[in-house]
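1. my questions are about this predicted structure, shown below with the sequence.
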Amino acid sequence: MKATYTTDYFSTEFKIIIGITILVGGFFIVHLGYNPIWHVFLALLLGVIASTKYELSVDSNAKTIIDATKVLGLYLKKREFNYNLLKAISLEKENERYTANTRSRSRQVEFNMYTASIITDKEEVEIFTSSNYKSFSEKLKQFANELNLDIQRSF
């Protein structure tokens, strides 16, 4: 059995802003008479940004965990972990804070970061990190159900 989680590396808002910027830039390149090779460069840049994905797959038959980043369908960074037994998924909550300074005042910003890791017989592999607990817990429950693992909360 193989459980796979895939998500875009860049946010949708970022992709939209870059797409609009590249379209406007392409218009100005044509209007100002620059070399058309810049269109190829801009199209390639847009393709890289649009296709970059994070992929995590756990294969129970091969007993491997693959943590990878893909660009244009090719692996950019790939880590592979072997295991004999999947024990559980651990969930940790970490309170983060920083000081936000503006011209008029300074204030303390606090938020929680949630991190999920797969515990195997050999090591612990981090799989998800998010500050939004609702979407994070939905993804985590679905992934745990696919792997038939329990979730151990530390908070």
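-> Sure, I can see it.
2. so which residues of the chain form helices?
-> Assigned by DSSP state H, the helices in the chain fall at 12-32, 37-51, 133-147.
3. would you format the ones you listed as a markdown table with mean neighbour count, distance to Phe111 and mean pLDDT included?
-> All C-beta spots, glycine's among them, are computed from the backbone N, C-alpha and C. Formatted as a markdown table, the helices of the chain follow (neighbours: other C-beta atoms under 10 Å; distance: least, C-beta to C-beta, whole Å; pLDDT from 0 to 100):
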| stretch | mean neighbour count | distance to Phe111 | mean pLDDT |
| --- | --- | --- | --- |
| helix 12-32 | 12 | 19 | 87 |
| helix 37-51 | 13 | 27 | 88 |
| helix 133-147 | 15 | 10 | 88 |
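4. quick one: closest of those to Lys63.
-> Between Lys63 and the helices of the chain, the tightest spacing by C-beta to C-beta is seen for helix 133-147, at 12.3 Å.
5. ramachandran coordinates for the residue of the chain most remote from its centre?
-> Distance to the chain centre peaks in the chain at Gly33, reaching 38.8 Å (criterion: C-alpha atoms, centre = their mean). As for Gly33, its main-chain torsions (degrees, to the nearest 10) stand at phi 80, psi 20.
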